[in-house]
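In: My questions are about this predicted structure, shown below with the sequence.
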Amino acid sequence: MPHVMERLYSAEMDFGCYDGEQRLTYMLATIPRSGSTYCAIRLWQTGLLGAPMEYLNFRFVGDILRRLDYVPHLAGEISEAGIAKYWGDIKRLRTSPNGVFGYKMFGVNYLEISRRVPGFLRQIVPDYVIYLTRRDLIGQAMSYSRAQRSRRWFAGMSDTPEVRYDFEHIKQCISSIEDQKSSWERMFAITGVRPIHICYEDLLADSAGVIRALLLDMGIPPEPADELAIPLIERQTDGVSREWRDRFAEDSARELAISAVTDE
């Protein structure tokens, strides 16, 4: 049976062929391990907010590229000439019936596109940007550390190794997350974008309330729509996370104490 992530990019999840003018386009700008897949699926399930997945992360969407008859390079990229046509195909298949199209973007993918095909950026300028972050920086960094070293980005993936707690690597992940947030916020400032900022924790606590507010902010009428049966990804929470958090707190306190003594 295919993993849920494979199904999310398959033909069974397409809306159909939308040939009208898009009412609006939005970008879900985010950072790894901030709950972006959960957020994207919650938005998708409404039937009013498109299907905001990682269509421009070419190293990740090989299946959908091949399904649409685009042959990716070994690096997972498609030719510059093919990108615009591919984008048009994606928009036709993944625009919800009310004319809304959304896509998810990590900062590293945005920067890669800006370096490789800067002219294409004009074609993906969204009407709105939803900026998703996570308040629990330590939890996010621990999750990032585990995912990077095990290559296990989603629950349910098989044949992935377990990894050991690594204080230094978690600190590196904290720094990386903060750098990625700063990078997004610099891009918002440079382009004059005022994003709609939401937090993963708020979405978990009250997804209906957060989504109602998003619809209002983007001027999307809450038209009657049947909730779509888009499968959610299982959350990756376990006892290891709690153990790592305790150890990280202890190691941080010890490091701070040593630093204080050294500075005296």
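Out: Done, it's in.

In: quick one: low-confidence parts of the stretch 151-264 of the chain?
Out: Filtered on pLDDT under 70, the stretch 151-264 of the chain yields the residue ranges 153-160, 224-225, 234-239, 260-264.

In: so where do the helices sit in it?
Out: 167-191, 200-205, 207-218, 239-263 (DSSP state H, counting those that start in this stretch).

In: Touching the shortest one from outside, list them.
Out: To tie it back to what came earlier, the one meant is helix 200-205. 34-35, 38-39, 42, 132-136, 210 (Cβ atoms under 8 Å, 6 or more residues apart in numbering). C-betas here are computed from N, CA, C, even on glycine.

In: go with 10 Å
Out: Under the contact criterion Cβ atoms under 10 Å, 6 or more residues apart in numbering, helix 200-205 has outside partners 30, 33-36, 38-39, 42-43, 132-136, 139-140, 199, 209-211, 213-214, 235.

In: Report the buried members of these.
Out: Buried residues within the contacts of helix 200-205, counting neighbours by 16 or more other Cβ atoms under 10 Å: 30, 33-36, 38-39, 42-43, 132-134, 139-140, 199, 210-211, 214.

In: Residue ranges in the stretch 1-150 of the chain under the pLDDT threshold?
Out: For the stretch 1-150 of the chain (pLDDT under 70), the answer is 1-2, 72-77.

In: Which secondary structure state does S96 sit in?
Out: Of the three states, S96 takes coil under DSSP: H, G, I helix; E, B strand; the rest coil.

In: tell me which element the residue nearest to it when sequence neighbours are not counted falls in.
Out: Sequence neighbours aside, G50 is the residue nearest to S96 in space, at 4.9 Å (criterion: Cβ to Cβ, 6 or more residues apart in numbering). Assessed by DSSP states H and E, G50 sits outside every helix and strand.
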